[in-house]
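Peer 1: pasting the sequence and the predicted coordinates here, then a few questions.
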Amino acid sequence: MLTDLPNVLTLSRIAAIPLLVICVAIETPLADMAACIVFAAAAITDYFDGKLARSRLQQSDLGRMLDPIADKLLVGAVLLLLVGHHRLSSWGLYPAIIIVLREILVSGLREYLAGIRVGLPVTKLAKWKTGFQMGALGTLLAGDGTAAILHLNLLPVSLIGEAMLWVAAALTLITGWDYLTAGWRHAATSKRRGPSVAE
């Protein structure tokens, strides 16, 4: 059901995107802090929606469909905002490209593997990637203006955020390669066995 709490939390990540767009567009330190808070709240729901779905026995095909869509919309929107508002250095653009391309790759693999009735489970390393990615994006949204509000002027917040984004990009390459090789293995096995039931 769409109104189950886990699905509501998932949908809240999508609902957070317009708020983030508005906050970043305002371009003031207070708005940056608000964007960071909104993003952090949205990122936390990614942990709780799955946990609640399992504990309440409310796992569903709808939830499994919505969860990765919400994640990718949120991450994609934030990366576009950061690039569009020049909140990333020229070097920071490269990990952003890697992350976006990996998300497209994994989405394509999941779609293909679903067609041959094969799941692509999330690995522990992929969870670390998500943690660094969310931490990096939240830090970059906060920016140096938020550090000034909190009287932490000497803290290079944007630099820290970009460093975390590079770590996330490195983990993204590793996990993306793992998913790609898993997809190849299943594709080769499927070809040897002949057409699947879904075909």
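Peer 2: Perfect, I can see it now.
Peer 1: what stretches of this structure score poorly on pLDDT?
Peer 2: Low-confidence segments of the chain, defined by pLDDT under 70, are located at 1-3, 114-121, 190-199.
Peer 1: just checking, what packs against the lengthiest helix in it?
Peer 2: Looking across the chain with DSSP state H, the single longest helix is helix 157-193. Here helix 157-193 touches helix 93-115, helix 124-149, going by 3 or more Cβ pairs under 8 Å, 6 or more residues apart in numbering; DSSP states H and E. C-beta coordinates here come from the backbone N, C-alpha and C atoms, glycine included.
Peer 1: for the shortest one, name the packing helices and strands.
Peer 2: Judged by 3+ Cβ pairs under 8 Å, 6+ apart, helix 93-115 is in contact with helix 61-84, helix 157-193.
Peer 1: format those as TSV; extra columns: mean neighbour count and distance to Thr146.
Peer 2: Formatted as TSV, the helices and strands packed on helix 93-115 follow (neighbours: other Cβ atoms under 10 Å; distance: least, Cβ to Cβ, whole Å):
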stretch	mean neighbour count	distance to Thr146
helix 61-84	18	14
helix 157-193	17	7
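Peer 1: just put those in a markdown table and tack on distance to Trp128.
Peer 2: A markdown table is the format used below for the helices and strands packed on helix 93-115 (distance: least, Cβ to Cβ, whole Å):
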| stretch | distance to Trp128 |
| --- | --- |
| helix 61-84 | 15 |
| helix 157-193 | 6 |
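Peer 1: for Ala31, find the nearest of these.
Peer 2: Of all the helices and strands packed on helix 93-115, it is helix 61-84 that lies closest to Ala31, at 11.8 Å by Cβ to Cβ.
Peer 1: got the angle between the closest one and helix 157-193?
Peer 2: 140 degrees (axes from the mean of the first three to the mean of the last three Cα atoms, to 10 degrees).
Peer 1: thinking again about what came up before, quick one, the longest helix of the chain and helix 124-149 angle?
Peer 2: Compare the direction of helix 157-193 with that of helix 124-149 by the same axes, to 10 degrees and you get 160 degrees.
Peer 1: for helix 157-193, the distance to its chain's centre please.
Peer 2: For helix 157-193, the gap between its own C-alpha mean and the chain's C-alpha mean amounts to 13 Å (Cα atoms, centre = their mean, to the nearest Å).
Peer 1: what's the angle from that helix to helix 93-115?
Peer 2: Going by the same axes, to 10 degrees, helix 157-193 is angled at 30 degrees with respect to helix 93-115.
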